[in-house]
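Q: Got a sequence here, can you model it:
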Amino acid sequence: MAHHPTLEERELLYRLLKKGRSKTEIADVMGRDRSTIHRELSRNTRRGGYEPGLAQRLADRRRLACRRPRKLDDAPGPAYSEMHLYSVKGRTSRPFVTGKERVLFPEWRPDGSAIAFLARRGEKAKTQAWMIPLAGGESTQLTDAPDGVLAFRWHPSGSRVGYIAQESKTVRERALEEKGYGFIYYEENLRNRNLYMIGVSEGEKPSASQITKETNVWSFEFSPDGKTAAVAASPKNLIDQSYLFQQIFLLDFFIGLLILG
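A: Numbers count the residues shown, from 1 in each chain. From the prediction side, this is the model:
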């Protein structure tokens with residue numbers, strides 16, 4: 001059997017998920033290792049859930065990107081990705097973030113004055129949200145999540161950023177990591193993905209505020225006026241729950257409640 005799932009296998013995986021089968025059951029039916037199913041869902045699940053055609057396109061795109069080899073003395077990892085600003089009118093491309101970078105999910109500031117993106121900068125750094133002004137200059141780090149940022153959105157005001165980050169590891173877990181213990185947990189030791197908000201300031205970086213707790217946030221979108229947000233959440237941080245128990249809630253920032261939509 002091929003190392004990477006084929007389109008036919010992804011379509012079978014989709015049908016089994018719709019029937020409510022667990023990853024273990026799916027792996028048995030497909031004759032695949034359970035870790036392969038877990039990795040496929042982790043890499044290729046998007047806001048609307050797992051869709052086989054999209055999963056195939058994402059996998060093809062990653063393989064194409066990986067054909068640009070790193071140099072032998074580079075650290076192992078995925079292909080580099082730069083950010084360039086292309087002028088449709090002038091048909092010119094302007095490099096913004098280049099070099100040994102992996103820029104992810106660029107998003108314009110609402111007033112068009114800057115672009116925010118996700119990147120991991122530094123040997124032991126975590127993925128954080130960064131911002132670079134349209135006029136150019138150095139990038140500014142917007143977040144400082146202990147275990148990295150998974151997704152972010154500009155607040156419509158342009159003065160704040162909302163982001164999703166996993167609950168921090170315990171002191172003991174970090175100490176074990178430093179000693180080289182690379183434990184891999186499957187559906188145990190779960191840490192929820194929470195929604196946070198942080199201001200965007202030219203001076204000292206403000207502290208982030210945790211918006212959600214005791215629930216797991218998969219994605220969110222602000223309302224146009226910024227007073228509420230639609231939040232996709234489930235009780236636990238499990239791929240199965242993202243299909244079977246994920247619901248859309250309305251988050252009211254004034255009263256701080258998640259209301260079932």
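
Q: from memory Q241 sits against N216, does it?
A: Yes. Q241 lies in contact with N216 (CB atoms under 8 Å); the separation is 7.2 Å. Every residue, glycine included, has its C-beta placed from N, CA and C.

Q: When these two are compared, which one has more neighbours?
A: Neighbour totals were compared for Q241 and N216, and N216 leads with 24 against 17 (other CB atoms under 10 Å).

Q: sorry, back to before: what touches both of Q241 and N216?
A: 234-235 (CB atoms under 8 Å, 6 or more residues apart in numbering).

Q: ok, the residue nearest to Y196 when sequence neighbours are not counted - how many residues close by?
A: What sits nearest to Y196 in space, not counting adjacent residues and going by CB to CB, 6 or more residues apart in numbering, is A208, at 4.6 Å. Look at A208: counted by other CB under 10 Å, it has 18 neighbours.

Q: what ranges of the stretch 51-200 of the chain fall below the confidence cut-off?
A: The stretch 51-200 of the chain contains residues with pLDDT under 70 at 60-70, 183, 185-188.

Q: where exactly do the strands run in it?
A: 83-87, 92-97, 104-108, 114-119, 128-133, 140-141, 149-154, 160-166, 193-199 (DSSP state E, counting those that start in this stretch).

Q: Give me the contact list for the fourth one.
A: This means strand 114-119. For strand 114-119, using CB under 8 Å, 6+ apart, the contacting residues are 83, 85, 96-97, 101-109, 127-134, 139, 142, 149, 151-152, 154, 161.

Q: So for this protein, the centremost residue is which one?
A: L150 (3.3 Å; CA atoms, centre = their mean).

Q: returning to what we had before: in TSV, list the strands of the stretch 51-200 of the chain along with distance to S42.
A: What follows is those, written out as TSV (distance: least, CB to CB, whole Å):
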stretch	distance to S42
strand 83-87	25
strand 92-97	26
strand 104-108	15
strand 114-119	17
strand 128-133	20
strand 140-141	26
strand 149-154	11
strand 160-166	13
strand 193-199	13
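
Q: For L58, which of the ones you listed is the nearest?
A: Ranking the strands of the stretch 51-200 of the chain by their distance to L58 (criterion: CB to CB) puts strand 104-108 first, at 13.1 Å.

Q: That closest one pairs with which strands, parallel or anti?
A: strand 114-119 (antiparallel) (DSSP bridges).

Q: CA-only coordinates of the strand it pairs with in CSV, if you can.
A: Coordinates of the C-alpha atoms in strand 114-119 are reproduced here as CSV (Å, rounded to 0.1, in the frame of the first residue of the first chain):
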residue,chain,number,x,y,z
ALA,A,114,0.0,46.1,7.8
ILE,A,115,-0.1,42.3,7.3
ALA,A,116,-0.1,39.8,10.1
PHE,A,117,1.1,36.2,9.7
LEU,A,118,2.2,33.1,11.7
ALA,A,119,5.8,32.1,11.9
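
Q: Could you pull up the mean pLDDT of stretch 221-237?
A: Average pLDDT, stretch 221-237: 93.
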